[in-house]
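Q: based on what follows, work out the 3D shape:
(chains A and B)
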2 protein chains.
Amino acid sequence: VSRTATAALSALGRRIAEPPISWLMKQTLEHPGLISLAAGFTDNPSLPVAETSKVLRELLADSGAAQVALQYGSTPGDAALRQLTARHLQALDTGRTTRNVSPAWSPDRLLITHGSQQLLYMITEALCDEGDIVIVEDPTYFVFLGIAQSRALRCRGVPLTPQGLDLDALERLLDSLHRAGDLKRLKFVYLVTYHQNPSGLTSTLANKRAVLTLLRHYERRAGHPIFLVEDAAYRELRFGGKDVPSLLKVKGAESRVIYAGTYSKPFATGIRVGFGVLPEALFTTMARIKGNHDFGTAHLLQQILVGALASGRYDAHLADLRVRYAHKAAVMKAALLEHFPPFVEWCEPDGGLYFWARLPGRMKTGRQSRVFREALAGGVLYVPGELCYADDPSRDKPDCEMRLSYGGASEKLVPEGIRRLGAVIRAHA
Amino acid sequence: VSRTATAALSALGRRIAEPPISWLMKQTLEHPGLISLAAGFTDNPSLPVAETSKVLRELLADSGAAQVALQYGSTPGDAALRQLTARHLQALDTGRTTRNVSPAWSPDRLLITHGSQQLLYMITEALCDEGDIVIVEDPTYFVFLGIAQSRALRCRGVPLTPQGLDLDALERLLDSLHRAGDLKRLKFVYLVTYHQNPSGLTSTLANKRAVLTLLRHYERRAGHPIFLVEDAAYRELRFGGKDVPSLLKVKGAESRVIYAGTYSKPFATGIRVGFGVLPEALFTTMARIKGNHDFGTAHLLQQILVGALASGRYDAHLADLRVRYAHKAAVMKAALLEHFPPFVEWCEPDGGLYFWARLPGRMKTGRQSRVFREALAGGVLYVPGELCYADDPSRDKPDCEMRLSYGGASEKLVPEGIRRLGAVIRAHA
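A: Next up is the predicted model:
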């Protein structure tokens, strides 16, 4: 008889794998002096210390408001924050700020969460059983793949183009799922639509709309709605290009689109507040799941955001942040031009935190590769591209790419990290 | 073909029921002027506004520390908070404060969560598949029952005595599970050991130890460890009696006991920080689940607790809080003596937030009962006792009890609420 704890674990408990993040952090700890271009951390000096101080001072000076902030809130989230968030999203999508929010961005369908990560987790709980299928981008956000792995979801990757999901490939996949009788297991498509993690690409509205139309077309065969999760985590970290409206703006989309947003990246990652705009038919279920998780997002954190948004400090901070990331991206670009050999392909992001670089096919970048190990020995860490691809049996994982972040490392270390990495790549050319 | 969202839901999504909390809150909203003795809210005027202000002022004045607080932390939690928490628990269990913590309370096995509720949720994820069995107290914390319901766990209730779990009844249950071949589905026993929600009872150390010994005895037949979750949410809200050590103090218990603690109730419910001390064999799995939920508890909240604990403000606040709850409990007791007829049984708590009252068997208190409906019409809300009993097919749910909280309502409203309720009960006598 086994007395080991493993024998008592659930299927999920037995299955859940070490997340790449832990493994990458371990490398950082074990290699002092390492420059990490891997972490998706935001820029430390740009964190809103002064803004948060002011907001908190005002909040806590009013003892009535302070008591409310230090007490439980309601499960879906603070009414003022839901209202401000709905208004904020409407303004992003339409350019218009009005006191009344149109139903497309209704605060009644808005759920506040501990970061958008928690929202993604709860979406899989609400929609997916073991073996259910989720379509993701090739490449995609690797922490989402970790959720899927632990919950035994089958992910299918569709190539990402500069406009968004490859529509022909998506249609072929939907067709093949239909032929295999698997369409009924397809629950949603997960898209990171702005300054994508890891590729930096932003999907066009036309592309997103076409994806939605295609999904609608296959719904009859699926026997249920196929939802589209639009993860807009990096949307507000735009420093170039034009803003693209979200699918919330598309008429009739509100019954199929789950918009995942966050205040963590644009304001402060230590204040974990994210949100989802949900189809009405999913709202109650998701709110119940949220209630079982934690009754609702920490009220004090929500009140900080209310103060920051209502006072205009959020917008002012964001304007500074954009200038700062534009500068750091330019620093990384200059370093890439100087230190990377021309056979490495990359393109310039106009927002977010990442460059995505592609080496020639024969040069592997994975965790076991010589490039990765020598980079580590040479004092620089990146996210191996292979981690960003779903375990999709229908194709091999590309493994000659790397995600390079200019978020966490300082302006001095970014070029030095790229110089070290460039030297390793050149040595293998 | 169904196009409704329901058809796309997971089994969990289809199953999850409305939580009693939502239903109770709805009653509050729909009945203006209602005095709620139902909410498990803490006392608003006692919330640590001044303490939190001072801690935050100090924290945010140091821009290095402030940046750390506003940045991501690590998934298991802030190292300083884990260390302070381990020391705090050791001091509670032994009365000794030492810089070095003995392995029984090791910070290495400590996981910081968004309230202890999140920890409870993740325990069920790590250990339980659908249909697995959890033993709970009769009565128990109803929100835990909500988690179990949504995850299709089978809960079995064992009566609670003034010393803790009824050991004979527990043994009979374990025997019957064994005979039915169900012992392999039993994953853990869930106990709320201090000033229990809802009964107010505190388990003795001897009782907890006996439960653990009994579980060990049945482990061989189960084929795996049977864990014991000691939920100590109300432990620090003690205003009478003696402190009782937790099972962490018992030699050898650390491989079977999951200690669930929280700073929410003793400090501020709006600062949602809880924690678990886990068996080493479960730690990695639980940390991975936490990573998938949200990467780690909001760093700013953790830093507030670090500041409060390290400065002594936490302890000072707690001392005030105990005086305050002792007073509010005395106010409710006096009102019960004055307004409740003598045939209603209740006993005086020496901590926590609740009185638990038992009416004669013929007087039902459930949501559909005349007592409940007339109480609502008369302007007072309580938690019907039936909500605190698991759906255990082996017994009927007692339905003539009520949970009465002196936490949220003011000292003026507590006696008025009890007066209203007493009048309804007398009218039905």
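Q: can you name every helix or strand that the helix or strand bottoming out on mean pLDDT in chain A contacts?
A: The helix or strand of chain A with the poorest confidence is helix A:20-30; it has a mean of 85 (mean pLDDT, DSSP states H and E). Contact here means 3 or more C-beta pairs under 8 Å, 6 or more residues apart in numbering or on different chains; DSSP states H and E; on that basis helix A:20-30 packs against helix A:142-150, strand A:380-381, helix B:280-294. All C-beta atoms are positioned from the backbone trio N, CA, C, and that covers glycine.
Q: looking at the ones you listed, which is buried most?
A: Comparing the helices and strands packed on helix A:20-30 on average neighbours per residue, with mean count of other C-beta atoms under 10 Å in any protein chain shown, the densest one is strand A:380-381 at a mean of 24.
Q: gap between it and the chain center?
A: Relative to the chain's own centre, strand A:380-381 is displaced by 22 Å; criterion: C-alpha atoms, centre = their mean, to the nearest Å.
Q: now swap in stretch A:87-106 and tell me
A: Using C-alpha atoms, centre = their mean, the distance between the centre of stretch A:87-106 and that of its chain works out at 22 Å.
Q: now it: mean pLDDT?
A: Mean pLDDT, taken over the full extent of stretch A:87-106, equals 93.
Q: and it, end to end?
A: 9 Å (C-alpha to C-alpha, to the nearest Å).
Q: same check on stretch A:362-374?
A: Between the opening and closing residues of stretch A:362-374 lies a distance of 16 Å (C-alpha to C-alpha).
Q: identify the spatial nearest neighbour of the spatially most central residue of chain A, chain neighbours not counted.
A: Within chain A, one residue has its C-alpha closest to the average C-alpha position: by C-alpha atoms, centre = their mean, that is A:Ala233, at 4.9 Å. With C-beta to C-beta, 6 or more residues apart in numbering or on different chains as the criterion, A:Ala233 has its nearest non-adjacent residue at 5.2 Å, and that residue is A:Thr262.
Q: same deal with A:Pro103?
A: Of all residues apart from its sequence neighbours, A:Glu254 sits closest to A:Pro103 (C-beta to C-beta, 6+ apart), at 7.4 Å.
Q: what's the one you found in contact with, if anything?
A: If you count contacts by C-beta atoms under 8 Å, 6 or more residues apart in numbering or on different chains, A:Glu254 has them with A:Pro103, A:Ala104, A:Arg109, A:Leu248, A:Val277, A:Pro279, A:Glu280.
Q: how about A:Tyr263, nearest residue that isn't a chain neighbour?
A: Distance criterion C-beta to C-beta, 6+ apart; nearest residue to A:Tyr263, sequence neighbours excluded, is A:Val273 at 4.7 Å.
Q: which ones are touching the one you found?
A: With contacts taken as C-beta under 8 Å, 6+ apart, A:Val273 has the following neighbours: A:81, A:112-115, A:262-264, A:267, A:297, A:301-302, A:305.
Q: next, count neighbours for the residue in the stretch 301-429 of chain A that chain B sits nearest to.
A: With C-beta to the nearest C-beta as the measure, A:Leu301 is the residue of the stretch 301-429 of chain A nearest to chain B, at 5.8 Å. When counting by other C-beta atoms under 10 Å in any protein chain shown, one arrives at 28 neighbours for A:Leu301.
Q: again with A:Asp315
A: Around A:Asp315 there are 14 other residues, counting by other C-beta under 10 Å.
Q: likewise A:Val323?
A: Residues contacting A:Val323 under the criterion other C-beta under 10 Å number 12.
Q: helix, strand or coil for A:Glu230?
A: With DSSP: H, G, I helix; E, B strand; the rest coil as the basis, A:Glu230 sits in strand.
Q: would you mind measuring from it to A:Met332?
A: For A:Glu230, the distance to A:Met332 equals 27 Å [C-beta to C-beta, to the nearest Å].
Q: do the same with A:Ser102
A: When C-beta to C-beta is the yardstick, A:Ser102 and A:Met332 sit 39 Å from each other.
Q: who's more crowded, the two?
A: When neighbours are counted by other C-beta under 10 Å, A:Ser102 and A:Met332 differ, and A:Met332 comes out ahead with 25 against 14.
Q: got phi/psi on that one?
A: Torsion angles at A:Met332 (phi, psi; degrees, to the nearest 10) stand at phi -70, psi -40.
Q: list the contacts for it?
A: Contact analysis of A:Met332 by C-beta under 8 Å, 6+ apart lists A:Phe355, A:Leu404, A:Tyr406, A:Val414, A:Pro415, A:Ile418.
Q: OK, contacts around the residue nearest to it when sequence neighbours are not counted?
A: Beyond its immediate neighbours in the sequence, the residue positioned closest to A:Met332 (C-beta to C-beta, 6+ apart) is A:Tyr406, lying 4.4 Å away. With contacts defined as C-beta under 8 Å, 6+ apart, the neighbours of A:Tyr406 are A:Leu37, A:Tyr325, A:Lys328, A:Ala329, A:Val331, A:Met332, A:Leu353, A:Tyr354, A:Phe355, A:Val414.
Q: how about 6 Å then?
A: Residues counted as contacts of A:Tyr406 (C-beta atoms under 6 Å, 6 or more residues apart in numbering or on different chains) are A:Lys328, A:Ala329, A:Met332, A:Val414.
Q: out of those, which are inside helices?
A: Secondary structure assignment (DSSP state H) places A:Lys328, A:Ala329, A:Met332, A:Val414 from the contacts of A:Tyr406 within helices.
Q: what's the farthest-apart pair in the residues you listed?
A: Across the ones in helices among the contacts of A:Tyr406, no pair lies farther apart than A:Ala329 and A:Val414, at 9.4 Å, counting by C-beta to C-beta.
Q: follow-up on the earlier one: export the ones in helices among the contacts of A:Tyr406 to TSV and tack on distance to A:Ala50?
A: Formatted as TSV, the entries for those read as follows, by distance: C-beta to C-beta, whole Å:
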residue	distance to A:Ala50
A:Lys328	20
A:Ala329	24
A:Met332	27
A:Val414	25
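Q: list only those of the residues you listed flagged as buried.
A: Neighbour-count burial within these applies to A:Lys328, A:Ala329, A:Met332, A:Val414; the criterion is 16 or more other C-beta atoms under 10 Å in any protein chain shown.
Q: show the contacting residues for A:Tyr259.
A: For A:Tyr259, counting by C-beta under 6 Å, 6+ apart, the contacting residues are A:Glu230, A:Ser246, A:Leu248, A:Val277.
Q: wait, the first one sits on A:Leu247?
A: Yes - counting by C-beta atoms under 6 Å, A:Glu230 touches A:Leu247, with 5.3 Å between them.
Q: identify the contacts common to these two.
A: The contact sets of A:Glu230 and A:Leu247 overlap at A:Val257 (C-beta under 6 Å, 6+ apart).
Q: confirm A:Gly77 sits in a helix?
A: No - secondary structure of A:Gly77 (three-state DSSP): coil, not part of a helix.
Q: sketch out the strands for the stretch 51-200 of chain A, chain order is fine.
A: Counting by DSSP state E, counting those that start in this stretch, one finds strands in the stretch 51-200 of chain A at the ranges A:110-113, A:133-138, A:154-161, A:164-165, A:186-192.
Q: tell me which helix or strand comes right after the last one.
A: Per DSSP states H and E, strand A:186-192 leads on to helix A:205-222 as the next helix or strand towards the C-terminus.
Q: report the mean confidence score over that following helix.
A: The predicted model gives helix A:205-222 an average pLDDT of 97.
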